[in-house]
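1. here is the input, now give the coordinates:
(chains A and B)
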Amino acid sequence: MMGNLNILYVEDDPRAAQAVQDLVLADGDRLAWEQTGTGGLQRAGAEQFDVIILDRMLPDIDGLTIVSRLRAAGVGTPVLMLSALGRSENRIEGLEAGVDDYLAKPYEPQELVARLRALHRRAAGAVHGAVIIYGAFECHVKARTAFRSGKHIALSPKEFALFRYFMENAGETVTREMLLRDVWNMNFDPQTNVVDVNIGRLRRKLEDGFAAPALETIWGAGYRLTRGE
Amino acid sequence: MKPARVRARSIFGQLTTASILIAVIAVGVLFAVTTITVQRQTRSSLSATVSTDLAGLIDIYATAGREELLRRVADRQDVVSLEGRRSHYMIADGAGRLLAGDVKHWPELNAARSEEGFVTLGDGTQVYAQGAKLAPNLQLLVAREYDRDRSALAVLSAAFLAVGAAIVGAVAFVAWITARHLARRMDAVNAALGAAADGRAASFPARQRGGDEIDEVAGHGARLLARQAQLLKAYKQVSEHVAHEVRTPLMHLDNRLGTAMQARPEGAGGPIGQSREDIRTILSMLDSLLDIASAESRRGDLAGLAEIDMSALVTSLADLYEGSAEDAGLTFETSIAKNVTMLGERMQITRLLSNLLDNAIKYVPEGGRVRLILRAGPQVTVEDDGPGILRDQRDRIFERFARATAPGDRPGHGLGLALSRAIAERHGLVLRLGDAPRGAQFILEPAP
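-> Here you go, the predicted structure:
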């Protein structure tokens, strides 16, 4: 999906900043780059952004301090911390400081884009009705039933939860970490194929008897629900 | 901090009790010595007085005869000495019958041997007396009352006891106040050390005037704490910088490889894709090593731990891994107790259990069985009926880079179980191999 996000990126490494800039500009977003923590803090307080990407180890102010100050000042803009410190301990510190998402370098470009979109969607607080329709798919939330082209698809409770999550994020890339967090309530990615296996099982059920694919794999980022038509 | 008090087993309580005991014993000994000395002095004084009087009367008998003696005794009967001691006399015949004097019956004293001592006269008067045989048919008894000496001793005893009780009370009070004050200060030092040991915020009490031993202990504790904090900070800085400095160039390399891949698309398993996978493997290994070091450095540290709903967590994991087990052709069984909670880092415990489940699914061949069990405690068991762990490798599978070389071996960097054990120990748990007859059985439970 083409986006029109207004993004602030606080990063002291010009090469890293350039890579992100190329990536988001290609998607039609706008990016304001600040090379220091002080500059980023001032800009985040003065201007309105959809999402802030924040490096952690900045030369003047630590990224964790920046996000704490922003939250204390009442700035609620979603923050994605993009850091070379990617251990679970570092992630916990980031989330506790108030960041909304944490991505370790090196990252897959598509995953960064997917996460920025997801953060923005979460902040916008999209409300879904009792029936979600996307392309050939229908999700009846209360009845907990799924249909493709009018044909009922029998799903287990967990498969339905997965399907519903894809429907709520229809057309968007959904990362493994988002699925683990929002469907399994887990804040740790085992880095194995457990999520893919579960997606594979859902995919088989959604595609059984249909020629068109239901879920497409976005390499290095996650999955996206197709329109199924 | 617990309120300061003098504990039964506290050294301060023992010191207080000992001080009181020593004061009681000292006062008692002093009282006994004084009483005995006074009694001896009284007896000695009475003996001297009675002996002198007796000698005088014997002289009179020897020089002036019996009649003069009888007359003199009659004269002396009403004399009261300067010390206030009343005199009593008896002159008796050989059978002890009264010839003269105010004592009616001869007391239990042998006149022939000039015996002397404390006796009670027939009318109940208590006296110190001495007898003497003057002639075969004549014996003399001289006695002195000593009731004033006894009264004086009683007054002295009462005064002594009052002062003694006051001294013991004062010692007890001072000892209790001192012990309470010291116990309060030690409690503050103890509380600070306990908090530091548990990883909670700790502050040592301020130095008192003078700076005694407790101040020294507190000072050393504070320095130790500062040093520990400094080491942890230095360790964190170093590990963060290492991670940053290694990750940044690898990220640039990965970006360039990503760009190259876009320019020259390749199929799965192509050289560029493999290179990017290798970058991730290196980073994953680096992170695992740093995670192990971090978990080991925080062993027993309760800071940052929160209550985890283990029943919910294990259920989520079972839910997540069920599909993988089925796809691998395994039977996946669970037995999850309800309402099991523990204090921990949710992400780390998830990681530990994921690792055990990953291993089980990776090593058990098709057709096998994997069981995940949660019991109160908490105790988590992941067991399978796969090839198991060779006996000679049971001790080393939890070491870094120690991959099992069992049948069904799979690639990996051999840090998973080392990290799992470090995470367990950081939470006060143990991760050990059980003694299941078949397959591998990993048990996570509270340390004994």
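
2. could you use CA atoms for every contact and neighbour count after this?
-> OK.

3. from chain B, how far off is A:L41?
-> Counting by Cα to the nearest Cα, to the nearest Å, the gap from A:L41 to chain B is 22 Å.

4. what parts of the stretch 101-250 of chain B come near chain A?
-> B:240, B:243-244, B:247-248, B:250 (Cα under 8 Å from any Cα of the partner chain).

5. quick one, what contacts the residue in chain A positioned nearest to chain B?
-> Nearest residue of chain A to chain B, counting by Cα to the nearest Cα: A:P106, 4.4 Å away. By Cα atoms under 8 Å, 6 or more residues apart in numbering or on different chains, A:P106 lies in contact with A:84, B:247-248, B:250-252, B:254-255.

6. my guess is A:V51 contacts A:L119, does it?
-> Yes - between A:V51 and A:L119 there is a contact under Cα atoms under 8 Å: 7.4 Å.

7. now for the two: what residues contact both?
-> With Cα under 8 Å, 6+ apart, A:V51 and A:L119 have common neighbours A:78, A:80.

8. what is the lengthiest helix in chain A packed up against?
-> Ranked by number of residues, the top helix in chain A under DSSP state H is helix A:109-124. Helices and strands touching helix A:109-124, by 3 or more Cα pairs under 8 Å, 6 or more residues apart in numbering or on different chains; DSSP states H and E, are helix A:14-26, strand A:51-54, strand A:101-104, strand A:173-175.

9. can you give me the angle that helix makes with helix A:14-26?
-> Here helix A:109-124 runs at an angle of 70 degrees relative to helix A:14-26 (axes from the mean of the first three to the mean of the last three Cα atoms, to 10 degrees).

10. hang on, the earlier thing: by neighbours, which of the residues of the stretch 101-250 of chain B next to chain A wins?
-> In terms of neighbours by other Cα atoms under 10 Å in any protein chain shown, those top out with B:R247 at 25 neighbours.

11. would you mind measuring from that one to A:E229?
-> Distance of B:R247 to A:E229, given as Cα to Cα, to the nearest Å: 43 Å.

12. state the number of residues packed around the closest residue to chain A within the stretch 201-350 of chain B.
-> Chain A sits closest to B:M251 of the stretch 201-350 of chain B, with a gap of 4.4 Å, by Cα to the nearest Cα. The local packing of B:M251 (other Cα under 10 Å) involves 20 other residues.

13. ok, it touching A:P109?
-> No - contact between B:M251 and A:P109 fails when scored by Cα under 8 Å: they sit 11.5 Å apart.

14. after the lengthiest helix in chain B, next one along is what?
-> The single longest helix within chain B, with elements called by DSSP H, is helix B:11-64. Once helix B:11-64 ends, the next helix or strand along the chain (criterion: DSSP states H and E) is helix B:66-76.

15. next up, phi/psi of A:F188, please.
-> phi -140, psi 130 (degrees, to the nearest 10).

16. with B:T381 instead?
-> Residue torsions, per degrees, to the nearest 10, at B:T381 are phi -120, psi 130.

17. enumerate every residue touching it.
-> By Cα under 8 Å, 6+ apart, the contact set of B:T381 is B:371-374, B:441-444.

18. measure B:L156 to B:A328 for me?
-> Distance, B:L156 to B:A328, by Cα to Cα: 100 Å.

19. swap in B:N359?
-> From B:N359 to B:A328 the distance is 12 Å (Cα to Cα).

20. now the strands: where do they sit in the stretch 201-350 of chain B?
-> Under the criterion DSSP state E, counting those that start in this stretch, the stretch 201-350 of chain B contains strands at B:306-309, B:331-336, B:341-344.

21. closest to B:A234 out of these?
-> Closest approach to B:A234 among the strands of the stretch 201-350 of chain B (Cα to Cα): strand B:341-344, 24.6 Å.

22. pairing partners for that closest one, with directions?
-> strand B:306-309 (antiparallel) (DSSP bridges).

23. buried residues in the strand it pairs with?
-> B:308-309 (16 or more other Cα atoms under 10 Å in any protein chain shown).

24. repeat for stretch B:56-65
-> B:57-58, B:60-61.

25. thinking again about what came up before, would a markdown table of the helices and strands packed on helix A:109-124 with mean pLDDT and mean neighbour count be doable?
-> Shown next, in a markdown table, are the helices and strands packed on helix A:109-124 (pLDDT from 0 to 100; neighbours: other Cα atoms under 10 Å in any protein chain shown):
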| stretch | mean pLDDT | mean neighbour count |
| --- | --- | --- |
| helix A:14-26 | 90 | 15 |
| strand A:51-54 | 95 | 25 |
| strand A:101-104 | 90 | 20 |
| strand A:173-175 | 89 | 24 |
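
26. a markdown table for these, including distance to B:A337?
-> Formatted as a markdown table, the helices and strands packed on helix A:109-124 follow (distance: least, Cα to Cα, whole Å):
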| stretch | distance to B:A337 |
| --- | --- |
| helix A:14-26 | 47 |
| strand A:51-54 | 42 |
| strand A:101-104 | 32 |
| strand A:173-175 | 32 |
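
27. domains for chain A, by residue range?
-> Chain A breaks down by automatic domain parsing into domains covering A:6-124, A:131-225.

28. so how far does the last one reach from one end to the other?
-> Across domain A:131-225, the terminal residues are separated by 17 Å (Cα to Cα).

29. and the strands of the stretch 201-350 of chain B as JSON lines, adding mean pLDDT and distance to A:Y223?
-> Shown next, in JSON lines, are those (pLDDT from 0 to 100; distance: least, Cα to Cα, whole Å):
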{"stretch": "strand B:306-309", "mean pLDDT": "91", "distance to A:Y223": "30"}
{"stretch": "strand B:331-336", "mean pLDDT": "94", "distance to A:Y223": "27"}
{"stretch": "strand B:341-344", "mean pLDDT": "92", "distance to A:Y223": "32"}
